[in-house]
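Fold the following for me, if possible:
(one chain, ligands or ions: 1)
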Amino acid sequence: MPRYQLIARQLKTAIEHGELKPGTRLPSSRTWSQELGVSRSTVENAYADLVAQGWLERHGQAGTFVSKQLRLDTTPAAPAVFAGENPTPQIFQMGLPALDLFPREIWARVMGRRLRTQTRFDLALGDVCGELLLRQAIVDYLRVSRSIECLPEQVFITSGYAASITLILRTLAKPGEGMWVEDPGFPLIRPVVMQERVELMPVPVDDDGLDVDVGVRDYPQARFALLTPAHQSPLGVALSLARRHRLLEWATRAQAWIIEDDYDSEFRYHGKPLPPLKSLDAPQRVIYTGTFSKSLFPALRTAWLVVPVTQVAQFRQQAALTACSVPVLWQQTLADFIREGHFWRHLKKMRQHYAQRRQWMENALADQGFTVVPQDGGIQMVMTIAGDDVALVRKANQAGLAVQALSHWRMVSAGKGGILLSFTNIHSAEMAQQAARQLRQAITDS
Ligand SMILES: Cc1ncc(COP(=O)(O)O)c(C=O)c1O
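Here you go, the predicted model:
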């Protein structure tokens, strides 16, 4: 551990134990560095770290003080990015897999081997649609795990979900066309769609998933329907089989495109999932999007699309304009990682861990009187909540808990309030208990 972190940790402990009280002025970095025999910047870095995490606050010339806002029964406000370092995950932070369980050593070995055996030809630009080896590995994976039959030519590698949606719209959409989106649904994709000048058409979601009949009634002329059929984000319901068929019928009739976002189907803890829309796609109206952000890690920036055979040439043309943005070495590493069975083993292990972590979190939240909506899979949770979820979530965020308000995921739909959270980085039953207590305290305190 670097020296500045040791100093930061000592300071934190002193604050936690009440030896340094809120409002106490700390010695100047010059005085302290002389006393400790370290450089002044080491002390400055320790201070900066704790300021970013909310433990300390700076008052210009007056110096650095223990934060007055600090409530010692809660973790201080989540760390901002500390210069030169990655942000650490916040408690309940959504969209993150368990960072502690990724087999980094295996990954490093696989990548190291690739790096050592590269030839000079590997230094040239790769395939604009993504490396064939990786696309083939994805085809094999989809056949076994999702019953999707496709050719490597139909697969396009992108740098994430937003990049996938951009590629789809640049290939197929004209400005002013419309897209059904789930309401409530993943909010971060909305600006990406609007940037391509495609209109968002909110369609409500109920216990059977997106209400296809409402979509057909209100927006029959839409060109696209974007949805999460396997496990609706955020409510967790599955699109019923009857609706899947109606959706495909509508898309065929209206010559519309269905975009199936299968963002977390790798993680299912009970029962068998319904087949993906793509596997029922005889009329070839479905574009399937998947990502490695949840199954491996988000910094990988690797996702993929499966497009209908009839559209391959058009997508290829569009992809060529920017070329694949995932470095060849990373794609080759990922392909090896899948082909050598590491991906499968990792998924199997993660299913067990996530089932356990979810259970810990569910129990702990129930102990605090929260109502968790039962779900069959996924890496996030919804709790229904009486009252203003936005106000409650604001309080929780102020206490450093990265939960989100269901109302923020809604566009026009009315409905119950809720709190959305992730359990993936909850390492133990004790940690779950503590996090649930913190959440209860944060939203109860006025
Ligand atoms: C609904 C949904 N789709 C897709 C993604 C994947 O995004 P990306 O591949 O850009 O990490 C996420 C990530 O949080 C998501 O919540």
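
So Thr228 sits against Ile258, correct?
No - counting by Cβ atoms under 8 Å, Thr228 sits too far from Ile258 to count as a contact (11.7 Å). No exception for glycine: its C-beta is placed from N, CA and C like everyone else's.

quick one, which of those two is more surrounded?
Thr228 (28 against 24; other Cβ atoms under 10 Å).

got the phi/psi numbers for Ile379?
phi -120, psi 20 (degrees, to the nearest 10).

what's the pLDDT at the residue lying closest to it once chain neighbours are set aside?
Closest residue in space to Ile379, ignoring its immediate chain neighbours: Thr424 at 5.1 Å, by Cβ to Cβ, 6 or more residues apart in numbering. What the model reports for Thr424 is a pLDDT of 96.

Tell me who's in contact with Thr424.
96-98, 354, 357, 379 (Cβ atoms under 8 Å, 6 or more residues apart in numbering).

List the contacts of the closest residue in space to Gln93 that isn't next to it in sequence.
Spatial nearest neighbour of Gln93, excluding adjacent residues (Cβ to Cβ, 6+ apart): Ala402 at 4.2 Å. By Cβ under 8 Å, 6+ apart, the contact list for Ala402 reads 78, 90-94, 421.

From those, which land in strands?
Residues of the contacts of Ala402 located in strands (DSSP state E): Leu421.

Going by contacts, tell me the helices and strands next to the longest strand along the chain.
Ranked by residue count, the top strand of the chain under DSSP E comes out as strand 199-206. Judged by 3 or more Cβ pairs under 8 Å, 6 or more residues apart in numbering; DSSP states H and E, strand 199-206 is in contact with strand 178-183, helix 190-195, helix 212-218.

any idea which helix or strand comes after it?
strand 209-210 (DSSP states H and E).

helices and strands around that next one, which ones?
Secondary elements touching strand 209-210 (3+ Cβ pairs under 8 Å, 6+ apart): strand 224-227, helix 241-254.

quick one, domains of this structure?
3-66, 104-343, 354-444 (automatic domain parsing).

Point out the ones among the contacts of Thr424 that are inside helices.
354, 357 (DSSP state H).

Tabulate the contacts of Thr424 in JSON lines, adding columns for pLDDT, neighbour count and distance to the ligand.
Below are the contacts of Thr424 laid out as JSON lines (pLDDT from 0 to 100; neighbours: other Cβ atoms under 10 Å; distance: Cβ to the nearest ligand atom, whole Å):
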{"residue": "Leu96", "pLDDT": "94", "neighbour count": "19", "distance to the ligand": "9"}
{"residue": "Pro97", "pLDDT": "96", "neighbour count": "25", "distance to the ligand": "10"}
{"residue": "Ala98", "pLDDT": "96", "neighbour count": "20", "distance to the ligand": "15"}
{"residue": "Tyr354", "pLDDT": "96", "neighbour count": "22", "distance to the ligand": "15"}
{"residue": "Arg357", "pLDDT": "96", "neighbour count": "24", "distance to the ligand": "18"}
{"residue": "Ile379", "pLDDT": "92", "neighbour count": "24", "distance to the ligand": "9"}
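
Roughly how far does Ala402 sit from Ala435?
According to Cβ to Cβ, to the nearest Å, Ala402 stands 11 Å off from Ala435.

intersection of neighbour lists for the two?
Here Ala402 and Ala435 share the contacting residues 91-92, scored by Cβ under 8 Å, 6+ apart.

show me where the protein has strands.
Using DSSP E, strands in the chain cover 56-58, 64-66, 155-158, 178-183, 199-206, 209-210, 224-227, 257-261, 286-291, 303-306, 371-372, 381-385, 404-405, 417-421.

ok, back up a step: select, out of the helices and strands packed on strand 209-210, the one closest to the ligand.
Among the helices and strands packed on strand 209-210, the nearest to the ligand by Cβ to the nearest ligand atom is strand 224-227 (9.6 Å).

Touching, Pro202 and Val181? I think so.
Yes - with contact defined as Cβ under 8 Å, Pro202 counts as touching Val181 (5.9 Å).

quick one: which of these two has more around it?
Val181 (26 against 21).

what sits against the more buried one?
Residues counted as contacts of Val181 (Cβ under 8 Å, 6+ apart) are 189-190, 193, 200-203, 226-227, 411.

Distance check, it against the ligand.
Distance of Val181 to the ligand, computed by Cβ to the nearest ligand atom, to the nearest Å: 11 Å.

Looking at strand pairing, list the partners for that residue.
Pro202, Leu226 (DSSP bridges).

Up against the ligand, what does the stretch 1-150 of the chain have?
Gly95 (Cβ under 6 Å from any ligand atom).

pLDDT below threshold where in the stretch 1-150 of the chain?
Across the stretch 1-150 of the chain, the ranges flagged by pLDDT under 70 are 71-87.

most centrally placed residue in the protein?
Gly95 (2.2 Å; Cα atoms, centre = their mean).

Can I get the contacts of Ala402 in TSV including neighbour count?
Conversion of those to TSV gives the following (neighbours: other Cβ atoms under 10 Å):
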residue	neighbour count
Ala78	20
Gln90	19
Ile91	22
Phe92	28
Gln93	18
Met94	17
Leu421	26
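
how close does the residue of the stretch 301-446 of the chain found nearest the ligand sit to Gly236?
Among all residues of the stretch 301-446 of the chain, Ala303 sits closest to the ligand, at 4.3 Å; criterion: Cβ to the nearest ligand atom. Here Ala303 is placed at a distance of 21 Å from Gly236 (Cβ to Cβ).

Can you pick out the residue with more neighbours from these two?
Ala303 (22 against 18).

Identify the bridge partners of the more buried one.
Bridge pairing for Ala303 - DSSP bridges - gives Thr158, Thr291.

ok, it touching Val155?
No - in this structure, Ala303 is not within contact of Val155 by Cβ under 8 Å, at 10.9 Å.

Include distance to Asp264, mean neighbour count and mean pLDDT when you put the helices and strands packed on strand 209-210 into JSON lines, please.
Shown next, in JSON lines, are these (distance: least, Cβ to Cβ, whole Å; neighbours: other Cβ atoms under 10 Å; pLDDT from 0 to 100):
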{"stretch": "strand 224-227", "distance to Asp264": "14", "mean neighbour count": "27", "mean pLDDT": "98"}
{"stretch": "helix 241-254", "distance to Asp264": "18", "mean neighbour count": "17", "mean pLDDT": "96"}
